[in-house]
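A.B. asks: Pasted the sequence and its predicted model underneath.
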Amino acid sequence: MSGTIREAKLLRSSTIDQYYDTVWCIAASKYVAEYMIGYTRRPLKNRLSEYGRMHGYQYLVILSNGLKLDEAMQLERMLQERVKQDRKHTLFKKYCSHRREQRYFPSQGPTSVSPHEPVHSVYMAWWDQYT
């Protein structure tokens, strides 16, 4: 029962609004050229290093951690869908250029050994256009 209560709390509109507002505060900066929202269960340092090599992202912040797998996947999906709702909005225009036009495609990477353990996170990664 506590999992159900926690999930309902996580997905409340006001909770999603808070995460969305955090994304907006970062992405609205003139210094942010492009960003993406994603899921990970790996250490932050490893994910940032990988995204730095693959996409050139310089920064990464955890929006929410200590989540169960289904909670993290739902939060990631809801944030991405909300960003993609308005094509004229700065959040859409700055979202990863090769992903913003595509439908949400969840990727958990290798099979999780602990989907019910609170070790999953949702993050935002971005790069600075002036460095």
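C.D. replies: Cool, got the structure.
A.B. asks: Who is the spatially most central residue of the chain paired with across the strands?
C.D. replies: For the chain, the residue nearest the mean C-alpha position is Ile37 (2.8 Å; Cα atoms, centre = their mean). Beta bridges link Ile37 to Met124, judged by DSSP bridges.
A.B. asks: So it versus Asp86, what's the distance?
C.D. replies: Using Cβ to Cβ, to the nearest Å, Ile37 is found at 16 Å from Asp86. Placement of C-beta: from N, CA and C, glycine included.
A.B. asks: show me the contacts for the closest residue to His120 other than its chain neighbours.
C.D. replies: Leaving aside its sequence neighbours, His120 sits nearest to Ala72 (Cβ to Cβ, 6 or more residues apart in numbering; 3.8 Å). Contacts for Ala72 were tallied using Cβ atoms under 8 Å, 6 or more residues apart in numbering; they are Tyr39, Arg41, Ser64, His120, Ser121, Val122.
A.B. asks: ok, Ser29 to Glu81 distance?
C.D. replies: With Cβ to Cβ as the criterion, Ser29 and Glu81 are 23 Å apart.
A.B. asks: Comparing the two, which residue is more hemmed in?
C.D. replies: Shown here are Ser29 and Glu81; by other Cβ atoms under 10 Å, Ser29 has more neighbours (14 against 11).
A.B. asks: returning to that earlier point: quick check: mean pLDDT of the helix or strand where the residue nearest to His120 lies?
C.D. replies: Remark: Ala72 resides in helix 69-83, with elements defined by DSSP states H and E. When pLDDT is averaged along helix 69-83, the result is 91.
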